[in-house]
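Visitor: after the sequence you'll find the predicted model.
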Amino acid sequence: MLTKEAAQHVIYEIMKLYPDATPTMRYQNPFQLLMVVILSARATDVSVAKVKDRLFERYPNPQSVVESSPEEIESYIKTVGLYRYMRI
């Protein structure tokens with residue numbers, strides 16, 4: 001396993017290689033970032049971008065997800081590939 005210093009060195013070297021890189025997904029808080037990361041792991045950023053605004057509006061925080069049903073959540077992400085495999 002890399003030490004913290006070695007990991008930081010790797011990150012800085014990657015940043016030097018890609019100085020103009022910017023994230024394609026926009027988010028406003030850590031919860032939204034987590035949501036797009038989970039969805040992007042199973043789908044393209046393009047397909048996630050199509051659903052994320054409505055998803056963030058309906059689910060602004062973790063509690064709103066907890067209070068929802070899997071079926072309701074699926075209705076928001078069904079266009080994202082392999083969404084049925086995301087059930088916990």
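Guide: Arrived safely. Please read all numbers here as calculations on a predicted model, not as lab measurements.

Visitor: so which residue is dead centre in the protein?
Guide: residue 36 (1.7 Å; C-alpha atoms, centre = their mean).

Visitor: what residues are up against that one?
Guide: By C-beta atoms under 8 Å, 6 or more residues apart in numbering, the residues touching residue 36 are 25, 27, 48, 52. Every C-beta, even on glycine, is put in place using the N, C-alpha and C of the backbone.

Visitor: report the lowest-confidence entry in those residues.
Guide: For the contacts of residue 36, the weakest pLDDT value sits at residue 25, with 80.

Visitor: please, which helix or strand holds the residue lying closest to that one once chain neighbours are set aside?
Guide: Using C-beta to C-beta, 6 or more residues apart in numbering and skipping residues adjacent in sequence, the residue nearest residue 25 is residue 36, 4.5 Å away. Secondary-structure element containing residue 36, defined by DSSP states H and E: helix 30-40.

Visitor: likewise for residue 10?
Guide: Per DSSP H and E: helix 4-17 holds residue 10.

Visitor: and that helix, average pLDDT?
Guide: 94.

Visitor: find out how far that helix is from the centre of the chain, if you would.
Guide: What separates the centre of helix 4-17 from the centre of its chain is 23 Å, taken as C-alpha atoms, centre = their mean, to the nearest Å.

Visitor: now swap in stretch 47-55 and tell me
Guide: For stretch 47-55, the distance to the chain centre is 10 Å (C-alpha atoms, centre = their mean).

Visitor: got the CA positions of it in PDB?
Guide: Output in PDB follows, covering the C-alpha atoms of stretch 47-55 (Å, rounded to 0.1, in the frame of the first residue of the first chain):
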ATOM      1  CA  SER A  47     -26.500   8.700 -19.300                       C
ATOM      2  CA  VAL A  48     -26.000   9.800 -15.600                       C
ATOM      3  CA  ALA A  49     -26.000  13.500 -16.700                       C
ATOM      4  CA  LYS A  50     -29.500  12.900 -18.200                       C
ATOM      5  CA  VAL A  51     -31.100  11.800 -14.900                       C
ATOM      6  CA  LYS A  52     -29.000  13.600 -12.200                       C
ATOM      7  CA  ASP A  53     -30.900  16.900 -12.100                       C
ATOM      8  CA  ARG A  54     -34.300  15.300 -11.600                       C
ATOM      9  CA  LEU A  55     -32.700  12.800  -9.200                       C
END
